[in-house]
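Asker: Task: produce atomic coordinates for the following.
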Amino acid sequence: MKWIVAFIVAVPLSIELLGALFAIFDVRRDTDARAAAVERLALPLLLWGTLWWLLGIEAWRLLIAALAFTLLCHVTWFYAAQWLIRRESLQTIAVDTESERL
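Answerer: Next up is the predicted model:
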């Protein structure tokens, strides 16, 4: 039961950790936003380290599995959304009703 709860806790932590890492990559050219992006990484890393410390060193496979699961879900949803956007049968026709007719 401890491992299931740990996995359930590790998945949202993985989401936050990966989100913070992606934020750092997004602002790598914006010098004003770099510090804020790195600060956003501090709390997920602290919580990740605390979880790892509470579970012990033998839980590394569980934590890596949570990271892999999170990445797999992220990639799957990204490509599913791209596929849905490209399907013409799901697209609507936009009609501009606010333009003035001359």
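
Asker: And for L13, the neighbour number?
Answerer: Per other CB atoms under 10 Å, the neighbour tally for L13 reads 21. For the C-beta atoms, the positions are set from N, CA and C on the backbone; glycine is no exception.

Asker: so it touches G49, yeah?
Answerer: No: applying CB atoms under 8 Å as the test, L13 and G49 come out as separate, 10.1 Å apart.

Asker: So A94: helix, strand or coil?
Answerer: Following DSSP: H, G, I helix; E, B strand; the rest coil, we place A94 in the coil state.

Asker: who are the neighbours in contact with it?
Answerer: Listed by CB atoms under 8 Å, 6 or more residues apart in numbering, A94 has no contact partners.

Asker: pLDDT score for it?
Answerer: The model reports A94 with a pLDDT of 72.

Asker: Tell me the pLDDT of L102.
Answerer: pLDDT recorded at L102 is 54.

Asker: for V75, that is, sorry about that
Answerer: Reading off the model, V75 has pLDDT 92.

Asker: Just the element for it, please.
Answerer: Assigned by DSSP states H and E, V75 belongs to helix 60-86.

Asker: Please work out the angle formed by the directions of the helix or strand hosting G19 and helix 60-86.
Answerer: Secondary-structure element containing G19, defined by DSSP H and E: helix 2-26. Helix 2-26 and helix 60-86 are oriented at 60 degrees to each other (axes from the mean of the first three to the mean of the last three CA atoms, to 10 degrees).

Asker: Tell me the buried residues in helix 2-26?
Answerer: 6-7, 10, 13-17, 20, 23 (16 or more other CB atoms under 10 Å).

Asker: Which neighbouring elements make contact with that helix?
Answerer: Judged by 3 or more CB pairs under 8 Å, 6 or more residues apart in numbering; DSSP states H and E, the packing partners of helix 2-26 are helix 31-55, helix 60-86.

Asker: Switch those over to a markdown table; also include mean neighbour count and distance to D96.
Answerer: Putting the helices and strands packed on helix 2-26 into a markdown table (neighbours: other CB atoms under 10 Å; distance: least, CB to CB, whole Å) gives the following:
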| stretch | mean neighbour count | distance to D96 |
| --- | --- | --- |
| helix 31-55 | 13 | 36 |
| helix 60-86 | 12 | 21 |
